[in-house]
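Engineer: Starting from these lines, generate the structure:
(chains A, B, C and D)
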There are 2 protein chains.
Amino acid sequence: MPDRTRAPLAMPQAAAQIADVAATAGRAKPTAVKITDVAALAGVAPMTVSRVLNTPDRVSGPTAARVRAAIEQLGYMPNLIAGGLSSRRSRMIAAIVPTIASPMFNAPMQTFTDAMGVAGYHVMLALSGYTEDSEDAQIRAVLARRPDGLLLTGARRSPAIRRLLHDSGLPVVEIWDTAPEPTDILVGFDHAEVGGAVADFFVAGGHTHFAILSARDPRAAARRQGFVDRIAHHGLTLSAERVLPAPSSIEDGRQGLRDIAASLAPRTALFGSSDLVAFGALVEAKLHGIDVPGQLAVCGFGDFEISRGNVPAFTTVRVDGAEIGRVAAEKLLARIQGNTAPERVLVPFEIIARDTT
Amino acid sequence: MPDRTRAPLAMPQAAAQIADVAATAGRAKPTAVKITDVAALAGVAPMTVSRVLNTPDRVSGPTAARVRAAIEQLGYMPNLIAGGLSSRRSRMIAAIVPTIASPMFNAPMQTFTDAMGVAGYHVMLALSGYTEDSEDAQIRAVLARRPDGLLLTGARRSPAIRRLLHDSGLPVVEIWDTAPEPTDILVGFDHAEVGGAVADFFVAGGHTHFAILSARDPRAAARRQGFVDRIAHHGLTLSAERVLPAPSSIEDGRQGLRDIAASLAPRTALFGSSDLVAFGALVEAKLHGIDVPGQLAVCGFGDFEISRGNVPAFTTVRVDGAEIGRVAAEKLLARIQGNTAPERVLVPFEIIARDTT
DNA sequence: CCGGCGTATGTTACCGATAACATTACACGA
DNA sequence: TCGTGTAATGTTATCGGTAACATACGCCGG
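Structural biologist: Numbering: from 1, shown residues only, chains lettered A, B, ... in the order given. All right, here's what the predicted structure looks like:
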């Protein structure tokens, strides 16, 4: 192995600069203004330019002004990839959600992205669908980008992934669900409790017959289980049930109600796993001449726009998805910047009684 | 603080390696396995590891196997930030949309993100709201991350931004609108034509009185203008109109109908700027005892789930947002990878006549 | 008038990968 | 036998910033 160690230092300063200019001219894009160009124009060292951009209070007024003028004149735009490599902070968050084509997840994503943007972070979006394997793969893939933090949906992770996340020491916030031992930060609520609360609500309304239309996804399943358990606790049982695909649609709700319509008791309380499902059930109930809420009481989940915009406005469970996104951003930022401990924030949910119960 | 005063270049090779190991242990995260670690374990040069990952066909079978085993054993995960800096390809796309809290934009975003993911690209999401200034700022901010491509919504850009984008040579795809001179690639449709087509559709149905509820956003405004112009072309005029906030909601549609209900002609054709608005109008019409479609014909825009899930299912303009996202991804990838020319893809729209016209 | 200290700025050595070029090993035809 | 082309692998020099350390300078009290 030849000893070339000293080669770079052997080059005279001027020659190095010429080589540098040639390389820039020959290969890079024309508009590739870099920090050295700004520094040269302003008559300062590159580090000073970096300071003007990142820690302005460590630079004197006049110098900062000259640098800013140079930045302006050249249209300089810092390269965050280079900065990220050097500083080991990418100023980027990866978010993995099942889908954004549902108010369930696009509300928190919207506020999360906004709040992160204000703090100077960008959000990288990955969609996992509803399979755990896909989520695992997405997590591994985004980690290669060295995000400063991670937003995940739900709180059920495979042990391998939990270990990976734990070892990496990356701040993680899990939203929209809860678990006894979250990976790191958690901002969510207990879906089984939601189901239980809806059951109590129905029972308090004098109901004795229950039905449920529930999507085939882990959180909807938890709500269903909570509902069924609480009914059992009251000494009652489910009289009709249908499992729907995830994510489920209005049409799924309609189909679900059609399927169970024949077997409906004279007075039944129906819990839908989302407001879309509940709306579908309401639409179909009307077609079947089923009186709501006389013969059929309906409660949805999510407090989507449609639940209060529809006539009849329907009862639903309100969870403030936007708030979850905001809080998730806030807690994650705190964890990234300071050294706060893992935290488990339970956001409230609330049954909004409207005209269908 | 460790003593780092001795210049690494003065050190003998072995000593330098020891120092390097020490530095890694002392400063970086425990799991910071890098390409040199893998190379050392596999007994090859780092470049060979890089080839195994990026151009496997340039590495012999046995060597590749050894490298893969080392990667597996160490749990190596390449650092795409470093790779991006070196190769000047970030394998990342920035997407700027007004909001994802609407099927209008989350449908294309979903398919775009999926398609990009398959091709090994991640999507960075930025939300611009409905103001041009905000979009400009977002564009400048994301460019600092050196994305390999850009997805923008709409086709109206300030001259400064157009110049910036053009000079940067970055592949750009604009979706969901059209313009005579798009920035680069465009995948969209003509909103004025949509408005015109809806007007023609109504006129063909024998309508002579028209109303419109339209959101205060550039594309909704274009649809409105197309509608109004075509009506005028038929020698007719708008008899009622309401401008709604953007993005507009079911409640906005209800409020809009309430506002114009009094001034409605015996038989009026109403164009809503989205299906949410149209749905709101339908809900309110029923409350007012207005017969649909007898007294009031309604056409929405977007073919959201609710337009066919509702009873009555309502007439709307179908635009395949998912398809726009897919095509945008495909064209953008082609432009990034090959040298295809700018392209302007107009996707079809279609009036879906249902039970409200 | 000098030592010491804080502020503003400069210098150096990386961050972790890859492009471009260099080298080695071998097969094969003249 | 030997040049020569090709496949496989190694070496070097960055990519464009920033952390950490070094230095220059002015100001203060003793």
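Engineer: Next, count neighbours for residue A:193.
Structural biologist: 16 (other Cβ atoms under 10 Å in any protein chain shown). Every C-beta, even on glycine, is put in place using the N, C-alpha and C of the backbone.
Engineer: Let me see the backbone angles for the nearest residue to it once chain neighbours are set aside.
Structural biologist: In this structure, residue A:193 finds its nearest non-sequential neighbour in residue A:226, 6.1 Å apart by Cβ to Cβ, 6 or more residues apart in numbering or on different chains. With angles defined as degrees, to the nearest 10, residue A:226 sits at phi -60, psi -40.
Engineer: Could you measure from residue A:226 over to chain B?
Structural biologist: 27 Å (Cβ to the nearest Cβ, to the nearest Å).
Engineer: now residue A:203
Structural biologist: In this view, residue A:203 and chain B are 30 Å apart by Cβ to the nearest Cβ.
Engineer: Tell me if I'm right that that residue and residue A:234 touch.
Structural biologist: Yes. Contact criterion Cβ atoms under 8 Å: residue A:203 and residue A:234 qualify, at 5.2 Å.
Engineer: So for those two, which sits in the more crowded spot?
Structural biologist: A direct count of neighbours by other Cβ under 10 Å for residue A:203 and residue A:234 places residue A:203 higher, at 18 against 14.
Engineer: Distance check, the residue nearest to residue A:193 against residue A:188.
Structural biologist: With the distance defined as Cβ to Cβ, to the nearest Å, residue A:226 ends up 14 Å from residue A:188.
Engineer: Below-threshold pLDDT in the stretch 1-150 of chain A: ranges please.
Structural biologist: A:1-31 (pLDDT under 70).
Engineer: mind listing the strands for it?
Structural biologist: A:92-97, A:122-127, A:149-153 (DSSP state E, counting those that start in this stretch).
Engineer: which stretch among these comes nearest chain B?
Structural biologist: strand A:122-127 (4.6 Å; Cβ to the nearest Cβ).
Engineer: which other residues reach the closest one?
Structural biologist: A:91-100, A:109, A:112-113, A:116-117, A:138, A:141-142, A:145, A:147, A:151, B:92, B:109-110, B:113-114, B:117, B:122-126, B:141-142, B:145 (Cβ atoms under 8 Å, 6 or more residues apart in numbering or on different chains).
Engineer: go again using 6 Å as the cut-off
Structural biologist: A:92-96, A:99, A:113, A:116, A:138, A:142, B:113, B:122-125 (Cβ atoms under 6 Å, 6 or more residues apart in numbering or on different chains).
Engineer: Neighbouring strands - and their directions - for that strand?
Structural biologist: strand A:92-97 (parallel), strand B:122-127 (antiparallel) (DSSP bridges).
Engineer: and the angle for it with strand A:149-153?
Structural biologist: 30 degrees (axes from the mean of the first three to the mean of the last three Cα atoms, to 10 degrees).
Engineer: Show me how far strand A:122-127 is from its chain's centre.
Structural biologist: Centre-to-centre, strand A:122-127 and its host chain are 9 Å apart (Cα atoms, centre = their mean, to the nearest Å).
Engineer: Using PDB, write out every CA atom in that strand.
Structural biologist: Written as PDB, here are the backbone C-alpha positions of strand A:122-127 (Å, rounded to 0.1, in the frame of the first residue of the first chain):
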ATOM      1  CA  HIS A 122     -39.400  18.600   7.200                       C
ATOM      2  CA  VAL A 123     -41.600  15.500   7.200                       C
ATOM      3  CA  MET A 124     -40.900  12.500   5.100                       C
ATOM      4  CA  LEU A 125     -44.000  10.600   4.400                       C
ATOM      5  CA  ALA A 126     -44.200   6.800   4.100                       C
ATOM      6  CA  LEU A 127     -47.400   4.800   3.800                       C
END
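Engineer: related to what we said a few turns ago, of residue A:226 and residue A:188, who's got more company?
Structural biologist: residue A:188 (26 against 20).
Engineer: Just list whatever residues bridge to the more buried one.
Structural biologist: With DSSP bridges as the rule, residue A:188 is bridged to residue A:346.
Engineer: contacting residues for it?
Structural biologist: A:175, A:176, A:177, A:178.
Engineer: Using JSON lines, please lay out the strands paired with strand A:122-127 together with distance to residue A:250 and mean neighbour count.
Structural biologist: Formatted as JSON lines, those follow (distance: least, Cβ to Cβ, whole Å; neighbours: other Cβ atoms under 10 Å in any protein chain shown):
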{"stretch": "strand A:92-97", "distance to residue A:250": "21", "mean neighbour count": "25"}
{"stretch": "strand B:122-127", "distance to residue A:250": "26", "mean neighbour count": "23"}
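Engineer: Dump the ones you listed to a markdown table, plus distance to DNA strand C.
Structural biologist: Formatted as a markdown table, those follow (distance: least, Cβ to the nearest atom of the strand, whole Å):
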| stretch | distance to DNA strand C |
| --- | --- |
| strand A:92-97 | 15 |
| strand B:122-127 | 15 |
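Engineer: Residue B:316: which of those is closest?
Structural biologist: Proximity to residue B:316, assessed across the strands paired with strand A:122-127 by Cβ to Cβ, is greatest for strand B:122-127 (25.6 Å).
Engineer: I am finished for the moment; much appreciated.
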